[in-house]
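# Got a predicted model here, sequence first, then my questions.
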Amino acid sequence: MGTYLSIGSSLFGVVSVVRQLREARAEQDALRLTDAVVSAAAIATGVALLARELRRMNRDGNDVLSD
């Protein structure tokens, strides 16, 4: 169940960061743009960790969809 929650929160985060990036570029706000880039990096790291966990679960024979 936690895996699905992580996927959903990552998707929500991507939408939020894209909106923040657009607004920061439109307003030419360097600080908000920096914040959005750092947030995007955090999401990318989270997705990489999630992908690693899914691969590990798959390799160990646990069915990801068995919940």
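Perfect, thanks for sending it.

# Contacts made by stretch 7-27 with the rest, please.
The contact list for stretch 7-27 (CB atoms under 8 Å, 6 or more residues apart in numbering) reads 29, 32-33, 35-37, 39-40, 43, 46-47, 50. Any C-beta I mention is one placed from the backbone N, CA and C, and that applies to glycine too.

# Closest one of those residues to L5?
Nearest to L5 out of those is L50 (CB to CB; 10.4 Å).

# so what's the closest one closest to, chain neighbours aside?
Take L50 and drop its neighbours on the chain: the residue closest to it by CB to CB, 6 or more residues apart in numbering is S6, 5.1 Å away.

# What distance do you get for that neighbour to S16?
Distance of S6 to S16, given as CB to CB, to the nearest Å: 15 Å.

# Compare these two (neighbour count), which wins?
For S6 versus S16, the count of surrounding residues by other CB atoms under 10 Å is larger for S6: 16 against 13.

# and that one, what element?
helix 2-27 (DSSP states H and E).

# Please point out which parts of that helix sit buried.
6, 13, 17, 20-21, 24 (16 or more other CB atoms under 10 Å).

# Now render those as TSV, adding pLDDT and distance to R59.
Converted to TSV, the buried residues of helix 2-27 look like this (pLDDT from 0 to 100; distance: CB to CB, whole Å):
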residue	pLDDT	distance to R59
S6	84	18
G13	90	27
V17	94	30
Q20	95	36
L21	95	35
A24	95	40
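
# now, among these, which is nearest to R56?
S6 (13.7 Å).

# Distance check, that closest one against A51.
In terms of CB to CB, S6 sits 10 Å off from A51.

# Also S9?
15 Å.

# Ok, T45 next?
Distance from T45 to A51, by CB to CB: 11 Å.

# Need the residues touching each of these two.
Common neighbours of T45 and A51 (CB under 8 Å, 6+ apart) do not exist.

# Could I get the phi/psi values of Q28?
phi 50, psi 50 (degrees, to the nearest 10).

# do D60 as well
Per degrees, to the nearest 10, the backbone of D60 is at phi -80, psi -10.

# Count the neighbours of A40 for me.
16.

# Also A48?
10.

# Kindly report the same for the one 4 residues further on.
The local packing count at R52 equals 10, with neighbours defined by other CB under 10 Å.
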